[in-house]
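Chemist: generate a structure from the sequence data that follows.
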Amino acid sequence: MSWFVYMLRCGDGTIYTGITDDVEKRLSAHRAGKGAKYTRGRGPLELVYTEEQPDKPAALRREIAVKKLTRQEKLNLLKKQ
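Modeler: You can find the predicted model right below:
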């Protein structure tokens, strides 16, 4: 089963990074206010990046790596996709 690292652009311009095995379902949860606490009240939320990983441990490792990037490095990653 594939897992995905994803990034959302929040209405305030910030970028949220997370992982899921179902991107559309997770995005719906965020938009309904049932996703991460960080994204509540920061809508509208736009899915701007997805990266497939082979399993959950790989997705978690990649999420940590992406979260350590600077804002500019994250924006550069978005441009490459």
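
Chemist: now do the helix or strand of the chain with the lowest mean pLDDT: everything it contacts.
Modeler: One helix or strand of the chain scores below all others by mean pLDDT, DSSP states H and E: helix 71-80, with a mean of 94. When contacts are defined by CB atoms under 8 Å, 6 or more residues apart in numbering, helix 71-80 is touched by residues 7, 15, 17, 48-49, 66, 69. Where C-beta positions appear, they are placed from N, C-alpha and C, glycine not excepted.

Chemist: flag every buried residue along that helix.
Modeler: 74, 77 (16 or more other CB atoms under 10 Å).

Chemist: ok now that helix, how far from the chain's centre?
Modeler: With CA atoms, centre = their mean, to the nearest Å as the basis, helix 71-80 stands 13 Å off its chain's centre.

Chemist: element containing residue 11?
Modeler: If you go by DSSP states H and E, residue 11 is not part of any helix or strand.

Chemist: and it, its phi and psi?
Modeler: Note on residue 11: its backbone torsions stand at phi -60, psi -20 [degrees, to the nearest 10].

Chemist: tell me who's in contact with it.
Modeler: With contact taken as CB under 8 Å, 6+ apart, residue 11 is in contact with 42-45.

Chemist: against residue 26, how distant is the residue nearest to residue 54 when sequence neighbours are not counted?
Modeler: Distances taken as CB to CB, 6 or more residues apart in numbering put residue 2 closest to residue 54, at 6.7 Å, once the chain neighbours are dropped. Relative to residue 26, residue 2 is positioned 13 Å away (CB to CB, to the nearest Å).

Chemist: of these two, who's got more company?
Modeler: For the pair residue 2 and residue 26, the greater number of neighbours falls to residue 26 (20 against 12), based on other CB atoms under 10 Å.

Chemist: returning to that earlier point: the residue nearest to residue 54 and residue 56 touch, don't they?
Modeler: No: with contacts counted by CB atoms under 8 Å, residue 2 stays clear of residue 56, the gap being 9.8 Å.
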